[in-house]
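J.: Need coordinates for the below:
(3 chains)
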Amino acid sequence: MMTPLARNRIRGMVIHAVLFIVLGFWMVPQIYMLSIGLRTPAQAFDAELFTWPVTFDNFVTVIRDNPLGAIFLNSLIITVATVVIVVAVSSLFAFACAILRLKGSIFLYTTLLTTLMVPLASMVLPLAILLQNFGWVNTYIGLILPYAALGVPFAMVILKSFMEDAPHELFEAARVDGCNAWQTYWHVALPLVRPALVFVTIWQFIVTWNEFFLALIVLTKSEMKTLTIVPMQYSGLYMANPGALFAILTLIALPLILLYVLVQRAFVRGLLAGAVKG
Amino acid sequence: MRAGSAVAAVKRRSASRASKLYLFALPATLLFVVFIAYPILWVAGQSLYVGTTGGAVFAGLANYITVLGDPTFWTVVRNMFLWGVITIPVQMLIGGLLAYFIERHTHALRGFFRTMFFLPVVTSVSVISLVWVQIYAPYYGIAQEYLKDVGIVMVTSPIGDPKTAIYALIIVNIWQWTGFSMLMYIAGIANLPGEVLDAARIDGAKGWRLAVHVIVPMLAPATKSLLLLGVIGTLQTFPIVHLMTGGGPNRASEVFGTFIFKQSFVLGDTGSGAALSVIVLVIALALSLIQIAALGARLSPAGRQRP
Amino acid sequence: MATLSIDKVTKAFGNTTVIPELSLTIEDGEFCVLVGPSGCGKSTLLRIIAGLEPISSGRILVDGVDMSDAEPPERGVAMVFQSYALYPHMDVGRNIGFGLKIARTPAAEILERVSRAAEKLRLGSYLKRKPRELSGGQRQRVAIGRAMTRKPKLFLLDEPLSNLDAALRVGMRVEIARLKAELASTMVYVTHDQVEAMTLADRIVVMNSGRIEQVGTPLELYHRPANLFVAGFIGSPAMNFLKGCVDRVEGNQVTVSLDIGLSLTMPVSKAPQAGVEVTVGIRPEHIVLSAEGQADAFVVKASVVELLGSDTFIHVREGEESLVIRDSGGRMARAGDRIAISLPPRACHLFDKTGQRIFDAAAATEPA
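T.: The predicted structure is shown next:
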């Protein structure tokens, strides 16, 4: 007879073991990518997950030969600007709906919400034409503003529900303390929904950084390209040299993975705090 | 009611101050009008014209008739149907199981598992696509090599065969987005009211019975959101297909994204590209509204730009 | 300090009238308590005074100036909220000084006023703490401190003690009484707890369904409740009500026969007609336990006895009526015991069919 305690421990170990095995399979693509990047040209086409020995030559080569820094900077500028605009605009709007309860704001809210039901696929053609008319092809702004417009509705939903959940007396206290609408927004509403702001910031960052479809159409000049759309061009360039190709893919994927690992705790905290309600 | 009246006092006193408050809503409204509403209206209008933007001729529904008569369109519809019907439940199932075991049976390693299974979501989709091309590749790809060991022998690359291409792509999509379903369920499980679980335990429910009879029904809101997001995500599928098969071979894995891309930007047929855009839009709105009406699902979280 | 006049104010949410026409003047420096059951409109009235709730009609005057549409700071109000409403992201010092900061008070003055308030409220060592690191009583004091530093003309408190546990509540009540003396501000205090109302108020306003039932000093309300509602609301345990009808009227003496089979003769100032239905009210503490066989004794059977140590509450059921008797004499009684009681006519209150007071005998027992 096993004691219940012992049985629990064994069950825990089995569950952990199974999770690790599943995770092992789950990580195969990433491991494979890194593994090819670390191969010598001779091993590059081996149909194996691991090869030995490893070499860092590929990384050295691709870093030396390619303007990865400039491409990274393009991604960074577009993403940071989009995130700032989305967070600012959506929090202002959420404040207008949840706290100020402006007449008509719920109608506006519902209208903006339909954006969430619009697949990007049906937007690329009209957006491409619009940006062409504005002369915004191959400009940062040509991506930033459409991304912001597409990102605001989701951020707005989350921030609105957080503001609605905040104790209403706090906003009345602010009024008694003499705050006008802007001061209430800045000094009370924003600090109160901080976990939601963090969550929205991180999610928008991930989404914008990895956006592909619109970037593919708007950014045609190579000096404007972002990290998400350059891999295609390298897959042509390094057709015969998978080691180099996968080294560069690793480098392209790395910044966001590292960033996520750094901020995941705050991201999940926002999520658990109710950023996502069914 | 209270907040509304709080503002009402201000409104009464000075109309100008009240209208100033609308500045809070202005930026979002402007972005929506310029970059969402206007383009949609434009594309709806454009779908009724034939020819390039310059010398377009009004053609009524001609574009729609052309598009609906194109056999590729029906391949796309079939692929999208398969995509949604396979991707959504499988992601929910795997994501839900992972979430359940990670949340309820791990402690010290909880954060580690949560993070690792979510990594495919934050990995650039173009990188993922190229990696999977390599995995599926004939001769040097590991998929064929290792599947041989378990008795599955493939003659060609799974993405090179018109019969299997779409399924091969679906696998990649499931792999990339399961972490997202997992995280949604984790949020749901973490926020389950502890008292209800305790009550269920006192009623004698534990293990699988607890999971199936108590936890699964209580996660219905997360499931509904995932369903809604899954449908939108399916309709906007693009990068994986574009990068891995380009819709081929022989248009067998074409999806709405790639179809619109080809019509609009490769062939320059703005009219039928616009008609397709409108069709996708109408399907998305219809399916969303049906779900919201039928399930009472709320359109909330984390959905945008989800392939 | 300021005089507050509420002039024919009404308030409706949509089609629901919360406050039908209401007028009330609160004098300069007065501590006025609004009391009533939940949903009686007392909190709404306080929020109207604060300027958080717009009025549907009427006027709010502060020192004679029409402030009906003014924002809270313009009215010179400060408010302590029921939930305290402390800003969770600011430490105690910033919470207390926030209003001053918004009013662009020089930093040095903010610092000085915050530390003065903190000292007065014994919060000096907590200035750098966040609200979540404080106990309920400390949070309460921060909320009061925040209101104090504004040097308000009107100091408003919305059920400030209702979130505290019983022991703390007594302590804070004493503290508020002390503050009242120190601040010499006009204070309006909302509560549903009549003990708070009785102990703190200069004047109590009893409200019920948006209307004022009676305004008066605590003792006026206790001794001369204007109607059944006030009589039942003020006092704990609540006043006993016994149904009966007027038997005889002789000059200014009226004899009422009660349904429980007892007859009482009492003096009245304005005689009702014989035969009308009335309600006699008597407080549990005014019922006298007497020996069986005494002239006016009425024998009842105790159904439940609550021993509180200092007092004994004896519950009695007689037919349709029930009575509570409060005995402070340390008499031992047990459920089932037969006890003799008498109802001193001078301690009785008489109310007519509409619930209005018609009899002033109790005035005689009021301390001169």
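
J.: switch to C-alpha atoms for all contacts and neighbour counts from now on
T.: Noted.

J.: State which one residue of chain A is found closest to chain C.
T.: At 4.3 Å from chain C, A:Asp177 is the closest residue in chain A, using Cα to the nearest Cα.

J.: where does the closest residue to that residue other than its chain neighbours land in three-state SS?
T.: Leaving out its chain neighbours, the residue that sits closest to A:Asp177 by Cα to Cα, 6 or more residues apart in numbering or on different chains is C:Gly99, at 4.3 Å. State at C:Gly99, reduced to three classes by DSSP: H, G, I helix; E, B strand; the rest coil: helix.

J.: sorry, back to before: what sits against the residue of chain A closest to chain C?
T.: Listed by Cα atoms under 8 Å, 6 or more residues apart in numbering or on different chains, the contact set of A:Asp177 reads C:Pro72, C:Pro73, C:Ala78, C:Phe98, C:Gly99, C:Leu100, C:Ile102.

J.: Is it correct that the last one is in contact with A:Cys179?
T.: Yes - C:Ile102 lies in contact with A:Cys179 (Cα atoms under 8 Å); the separation is 6.4 Å.

J.: Tell me which of those two has more neighbours.
T.: Using other Cα atoms under 10 Å in any protein chain shown, the more surrounded residue of C:Ile102 and A:Cys179 is A:Cys179, with 25 against 15.

J.: which helix in chain B runs the most residues?
T.: Longest among the helix segments of chain B by residue count, using DSSP state H, is helix B:71-105.

J.: near chain A at all, that helix?
T.: Yes - with Cα under 8 Å from any Cα of the partner chain as the measure, helix B:71-105 is seen reaching chain A through B:Leu98, B:Phe101, B:His105.

J.: between those residues, which is nearest A:Ile10?
T.: B:His105 (11.5 Å; Cα to Cα).

J.: dump the residue contacts of the closest one.
T.: Counting by Cα under 8 Å, 6+ apart, B:His105 makes contact with A:Gly12, A:Ile15.

J.: Spell out the secondary structure type for C:Lys8.
T.: C:Lys8 - assigned by three-state DSSP - is strand.

J.: Is it correct that it is in contact with C:Ile55?
T.: No - counting by Cα under 8 Å, C:Ile55 is not a contact partner of C:Lys8; they are 10.2 Å apart.

J.: Between these two, which has more neighbouring residues?
T.: Using other Cα under 10 Å as the criterion, C:Lys8 and C:Ile55 rank with C:Ile55 on top: 24 against 14.

J.: Now for that one: which residues touch it?
T.: C:Ile55 makes contact with C:Val9, C:Thr10, C:Lys11, C:Ala12, C:Ile48, C:Ser68 under the criterion Cα under 8 Å, 6+ apart.

J.: Mind picking the two most distant members of these?
T.: Longest span within these, Cα to Cα: C:Ala12 and C:Ser68, 15.4 Å.

J.: Of these two, which one has the most company?
T.: The neighbour count for C:Ala12 versus C:Ser68, taken as other Cα under 10 Å, is higher for C:Ser68 (23 against 14).

J.: In PDB, could you pull the C-alpha coordinates for stretch B:226-235?
T.: Provided in PDB are the C-alpha atoms of stretch B:226-235 (Å, rounded to 0.1, in the frame of the first residue of the first chain):
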ATOM      1  CA  LEU B 226     -10.600  31.000 -28.600                       C
ATOM      2  CA  LEU B 227     -13.200  29.900 -31.100                       C
ATOM      3  CA  LEU B 228     -14.000  33.500 -32.200                       C
ATOM      4  CA  LEU B 229     -10.300  34.300 -32.400                       C
ATOM      5  CA  GLY B 230      -9.600  31.100 -34.200                       C
ATOM      6  CA  VAL B 231     -12.100  31.900 -36.900                       C
ATOM      7  CA  ILE B 232     -10.700  35.400 -37.600                       C
ATOM      8  CA  GLY B 233      -7.200  34.000 -37.400                       C
ATOM      9  CA  THR B 234      -8.000  31.300 -39.900                       C
ATOM     10  CA  LEU B 235      -9.400  33.800 -42.400                       C
END
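
J.: can it be found next to chain A?
T.: Yes - remark: stretch B:226-235 sits within contact range of chain A at B:Ile232, B:Gly233, B:Leu235, by Cα under 8 Å from any Cα.

J.: Figure out how far that stretch is from the centre of its chain.
T.: 4 Å (Cα atoms, centre = their mean, to the nearest Å).

J.: mind listing the helices for the chain?
T.: Picking chain A for this. Counting by DSSP H, the helices of chain A are A:4-26, A:28-37, A:57-65, A:68-98, A:105-113, A:124-134, A:140-165, A:168-176, A:181-183, A:190-192, A:194-210, A:213-218, A:230-237, A:242-270.

J.: try again with chain C
T.: C:42-50, C:72-75, C:92-102, C:107-120, C:136-149, C:166-183, C:194-200, C:218-223, C:228-233.

J.: If you count neighbours, what's buried in the last one?
T.: Which is helix C:228-233. By 16 or more other Cα atoms under 10 Å in any protein chain shown, the buried positions in helix C:228-233 come out as C:Leu228, C:Phe229, C:Val230, C:Ala231, C:Gly232, C:Phe233.

J.: Hmm, the fourth one is touching C:Pro225, no?
T.: Spelled out, that is C:Ala231. Yes - using Cα under 8 Å, C:Ala231 is in contact with C:Pro225, at 5.0 Å.

J.: so where is chain C shaky, pLDDT-wise?
T.: Scanning chain C for pLDDT under 70 picks out the ranges C:1, C:291-293, C:295, C:330, C:359-368.

J.: go with 50
T.: Applying pLDDT under 50 to chain C flags the ranges C:362-368.

J.: Residue of it nearest chain A, please.
T.: C:Gly99 (4.3 Å).

J.: Next one: the residue of chain A closest to chain C from C:Gly136, what distance?
T.: Distance, A:Asp177 to C:Gly136, by Cα to Cα, to the nearest Å: 22 Å.

J.: now B:Tyr139
T.: 71 Å.

J.: okay, those two: which has more neighbours?
T.: Ranked by neighbour count (other Cα under 10 Å), B:Tyr139 and C:Gly136 place C:Gly136 first, with 18 against 15.

J.: ok, that one - contacts?
T.: Residues in contact with C:Gly136 (Cα under 8 Å, 6+ apart) are C:Asn163, C:Leu164.
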